[in-house]
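S.K.: sequence first, predicted coordinates after that:
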Amino acid sequence: MKRIVLAKKLREQIHGFLGIFYPHFSKPKLKFIAEMVYGIQASQGVMLSDITRALGEEIQVKKTAERLSRHLGTPGLGQKVNEIVAEHAARRVRDDTLVIIDPSDIQKPYAEKMPYLAHVRDGNTGELVPGYWICCAVACEPSTRRIVPLHQRLWSADSPDFVSENTQLQQVIDTIRTATKGRGIYVIDRGGDRDKLINPLLDNKLRFIIRLVGTRNLVFRGKEMLASKIGAGCPTVYADIVVKEEKGEEKTYRLEYGYRPVKLPGRDEQLYLVVVHGYGHEPMLLLTSIPVRKNRNVLWRIVSGYLTRWLIEETIRFIKQSYSLEDIRVLKYERLRNLVALVMAAVYFSAVWLGESLKLKVLASHVAKVAKRFFGVPDFHYYALADGISILLTYLGSCMKKMRTKLSCVKQVQTMLFDPI
């Protein structure tokens, strides 16, 4: 398939993707969303100057940037985009689909003038650095790398409207719960071990797998005791081998696992503590509301469901690297939040929309081939897909500019030939 034909088909699909937003926004806002999705994909970045140049309009770059910036400041636009994407993605979320919630951060150590810069913890050094918190939520089937982006939210602990991190995470869960009508299994790391998150999950009858810290109290056989103590006495009669990629290398783990029926103090719901040995010095403690019994397949479903959360780490790296998310530089807080949501819409287009039908899957395969990736992570194809989209849209933009230049030259010649002296 010729590159120019492929690029034009891709542009048509971006306009087709705009249809999911059609009933919810005015025409100027729809045009803005289309321009942002196009510009983010073409420039593989979030800097308005790069997005503006990628659009290639025949007006001053400054004027285009001012228009985009004005629309980007629309209150609530990002949340509405998140809701629409979640609603469209909900068709792919079944009862047993994993919904992985993962807080992360954007570090801005040198951005002194950005609004409400708070402190976030550098995962590599453990140091506190200026930046913003974000929460990325994706859906996927157990033990797969195919993800469905659901939600992406940014917040600052120093902003005037900030209440708590629990409130932010609960709003993410509520948006997804409303869209999916309660389907899915919510998977959260140790940061989810909070009563203010677990209680709403139970109140809304949502199923979950949450990694616990050992200091939480649980009720086992009518007695309240530490989760770590319950885990230490739990027999682990089943075992499996898993392989995890870490820093480009594969590491093998032999996991032994078992379970205990437990409850939360003050609550009547029957829960289960799944105990996993072999990953780290301390046993991994997983609290779940999914019924468990003495059966390898049933127990492994819980363990593999949590381990699938490892894949979200690659997804967050994909978003940050392929779209240069940490280069975000807008100077208004509302624009920051809206831009992060629009990046998620662009990710949804490349990760999901291009696979909606057989024809689009064929288009996606051609797009991925354009990138000609020989290195990197071969089975996480979203990197190649994002690179291919960028190459094609950039190529299309340069072709359009050449065409406009030729037309301009023709008009000048015609003017010289036919204008009276």
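M.R.: Nice, I can see it. Just so it is clear, the model here is predicted, and its values are computed rather than measured.

S.K.: residue 83 touches residue 177, doesn't it?
M.R.: No. Assessed by CB atoms under 8 Å, residue 83 is found out of contact with residue 177, at 11.8 Å. Where C-beta positions appear, they are placed from N, C-alpha and C, glycine not excepted.

S.K.: the two: who's more crowded?
M.R.: residue 177 (21 against 18; other CB atoms under 10 Å).

S.K.: what's the helix or strand for that one?
M.R.: helix 165-180 (DSSP states H and E).

S.K.: show the average pLDDT along that helix.
M.R.: For helix 165-180, mean pLDDT is 96.

S.K.: in the stretch 51-200 of the chain, which spans are strands?
M.R.: For the stretch 51-200 of the chain, the strands defined by DSSP state E, counting those that start in this stretch occupy 98-107, 118-121, 128-140, 147-155, 185-188.

S.K.: buried set for the strand or helix carrying residue 219?
M.R.: In this structure, residue 219 is located in strand 217-220 according to DSSP H and E. Neighbour-count burial for strand 217-220, counted by 16 or more other CB atoms under 10 Å, picks out 218-220.

S.K.: just put those in TSV and tack on distance to residue 310.
M.R.: TSV is the format used below for the buried residues of strand 217-220 (distance: CB to CB, whole Å):
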residue	distance to residue 310
218	25
219	30
220	28
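
S.K.: domain parsing for the protein?
M.R.: According to automatic domain parsing, the chain comprises the domains 3-74+332-385, 78-317.

S.K.: other residues contacting the strand holding residue 219?
M.R.: 224-227, 230, 260-265, 271, 273, 287 (CB atoms under 8 Å, 6 or more residues apart in numbering).

S.K.: before we move on, the earlier item: just put the strands of the stretch 51-200 of the chain in CSV and tack on mean pLDDT.
M.R.: Shown next, in CSV, are the strands of the stretch 51-200 of the chain (pLDDT from 0 to 100):
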stretch, mean pLDDT
strand 98-107, 91
strand 118-121, 90
strand 128-140, 92
strand 147-155, 92
strand 185-188, 96
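
S.K.: what would those strands look like in CSV with distance to residue 63 and mean neighbour count?
M.R.: Shown next, in CSV, are those (distance: least, CB to CB, whole Å; neighbours: other CB atoms under 10 Å):
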stretch, distance to residue 63, mean neighbour count
strand 98-107, 28, 22
strand 118-121, 33, 17
strand 128-140, 29, 22
strand 147-155, 27, 25
strand 185-188, 45, 24
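
S.K.: quick one: closest of the ones you listed to residue 31.
M.R.: Residue 31 sits nearest to strand 147-155 of all those, at 22.2 Å, using CB to CB.

S.K.: buried residues in stretch 10-27?
M.R.: 10-11, 13-14, 17-18, 20-21, 25.

S.K.: again, but for stretch 254-263
M.R.: 255, 257-260, 262-263.

S.K.: for residue 149, state which of those is nearest.
M.R.: Sorting the buried residues of stretch 254-263 by how near they are to residue 149, with CB to CB, puts residue 255 at the top with 28.8 Å.

S.K.: check contacts around that closest one.
M.R.: 239-242, 276-279, 303.

S.K.: flag the shaky bits of the protein, pLDDT-wise.
M.R.: Residue ranges of the chain with pLDDT under 70: 1-7, 123, 143-145, 246-248, 311-312, 315, 355-421.

S.K.: from residue 40, how far out is the most centrally placed residue in it?
M.R.: When the chain is reduced to its mean C-alpha position, the nearest residue by CA atoms, centre = their mean turns out to be residue 136, at 4.3 Å. Using CB to CB, to the nearest Å, residue 136 is found at 16 Å from residue 40.

S.K.: residue 323 too?
M.R.: 6 Å.

S.K.: count the neighbours of residue 161 for me.
M.R.: 9.

S.K.: try residue 61
M.R.: When neighbours are counted by other CB under 10 Å, residue 61 comes out with 14.

S.K.: ok, the nearest residue to it once chain neighbours are set aside to residue 202 distance?
M.R.: Excluding the flanking residues, the one nearest residue 61 by CB to CB, 6 or more residues apart in numbering is residue 52, at 5.2 Å. Residue 52 sits 48 Å away from residue 202, going by CB to CB.

S.K.: and residue 124, by the same measure?
M.R.: Residue 124 is 35 Å from residue 202, by CB to CB.

S.K.: and residue 147, by the same measure?
M.R.: 26 Å.

S.K.: what's the answer for residue 36, then?
M.R.: Applying CB to CB to residue 36 and residue 202 gives a distance of 38 Å.

S.K.: of these two, which one has the most company?
M.R.: Neighbour count, other CB under 10 Å: between residue 36 and residue 202, residue 36 has more, with 24 against 15.
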